[in-house]
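Asks: Attaching a predicted model along with its sequence, questions to come.
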Amino acid sequence: MQSTRFYITFAVLGLLITGACQGAPQQDLAIKAPLTPLPELVDPNDFQLQQSVLATLKTMGAPMHSNYDYRRIDLNDDGRRDALVLFKTPYGFWCDKHGCTMLVMEAHNDKFTLVNSIQPVRPPIYSTANQTNGWKDIIIRVSGRWKSAKNVSAKYDGREYPLDPSRIEPAAGYEIADKEYLFR
């Protein structure tokens with residue numbers, strides 16, 4: 001009988017101790033603050049592109065009255081439309097018998113920065129769905145030389161596109177299947 005009383009006392013004490021550990025009802029300890037929003041993605045406008053081109057011309061010591069065409073396309077899938085700038089005049093500065101100079105410019109929130117220049121190039125120029133190192137491949141026409149005309153696929157190497165497309169092997173058919181014309 002005494003052993004039964006001991007076990008009952010021990011069980012009651014155990015229940016009291018574990019019940020005391022439970023304490024008051026738990027409150028939600030999470031901080032109820034709004035999440036910090038992601039920075040807003042801004043696609044710079046054409047005026048900002050023109051200002052960036054002028055700044056690039058000044059840095060390069062190029063004629064400030066240069067004439068060019070441009071196309072906006074998101075080359076690196078960051079949600080901003082980058083720019084390809086194809087110069088036309090002054091002819092002797094930007095162009096020769098093999099073609100003209102094209103600048104690749106990366107878009108940022110409020111400006112464009114020069115990735116690199118590609119020369120000589122001639123239209124047609126178009127982009128494809130193919131990507132290399134996160135940037136779209138650019139198909140460039142190489143002609144006006146002793147060799148046969150060819151389309152080449154300029155691939156981004158992690159820093160820039162090839163400077164001279166004439167040194168690239170002709171593009172395979174699958175590389176130019178899904179294309180978007182940029183310059184005709």
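Replies: Ah, there it is. Not measured: the values here are computed from a predicted model. Residues are numbered from 1 along each chain as shown.

Asks: Quick one: neighbours of residue 60, just the number.
Replies: 13 (other CB atoms under 10 Å). In this view, the C-beta of every residue, glycine as well, is placed from N, C-alpha and C.

Asks: Please tell me how far the spatially most central residue of the chain sits from residue 131.
Replies: The C-alpha lying nearest the average C-alpha coordinate of the chain belongs to residue 76 (CA atoms, centre = their mean; 2.7 Å). Using CB to CB, to the nearest Å, residue 76 is found at 9 Å from residue 131.

Asks: So which residues of this protein form strands?
Replies: 67-73, 82-89, 95-96, 99-107, 112-132, 135-142, 150-154, 179-183 (DSSP state E).

Asks: ranking those strands by mean pLDDT, which is last?
Replies: Per-stretch mean pLDDT for the strands of the chain is lowest at strand 179-183 (a mean of 85).

Asks: Which residue is the nearest non-sequential neighbour of residue 83?
Replies: Excluding its sequence neighbours, the residue lying closest to residue 83 (CB to CB, 6 or more residues apart in numbering) is residue 105, at 4.4 Å.

Asks: Okay, and the beta partners of that neighbour?
Replies: residue 83, residue 114 (DSSP bridges).

Asks: From what I see, it and residue 117 are in contact.
Replies: No. Using CB atoms under 8 Å, residue 105 makes no contact with residue 117, being 10.0 Å away.

Asks: Show me which of the two is the more surrounded one.
Replies: The residue with more neighbours, out of residue 105 and residue 117, is residue 105; 24 against 19, by other CB under 10 Å.

Asks: who's in contact with the more buried one?
Replies: Counting by CB atoms under 8 Å, 6 or more residues apart in numbering, residue 105 touches 49, 52-53, 56, 82-85, 112-115.

Asks: Please repeat the previous calculation with a cut-off of 6 Å.
Replies: 83, 112, 114 (CB atoms under 6 Å, 6 or more residues apart in numbering).

Asks: so the last one touches residue 56, yeah?
Replies: Yes. Judged on CB atoms under 6 Å, residue 114 makes contact with residue 56 at a distance of 5.2 Å.

Asks: How about residue 161: what's its closest non-neighbour residue?
Replies: Residue 161's closest residue in space is residue 154 (CB to CB, 6+ apart), at 4.7 Å.

Asks: how far away is that neighbour from residue 78?
Replies: Taking CB to CB, one finds residue 154 at 19 Å from residue 78.

Asks: go on, residue 67?
Replies: Counting by CB to CB, the gap from residue 67 to residue 78 is 29 Å.

Asks: list the buried ones in stretch 71-82?
Replies: 71-72, 75-76, 80-82 (16 or more other CB atoms under 10 Å).
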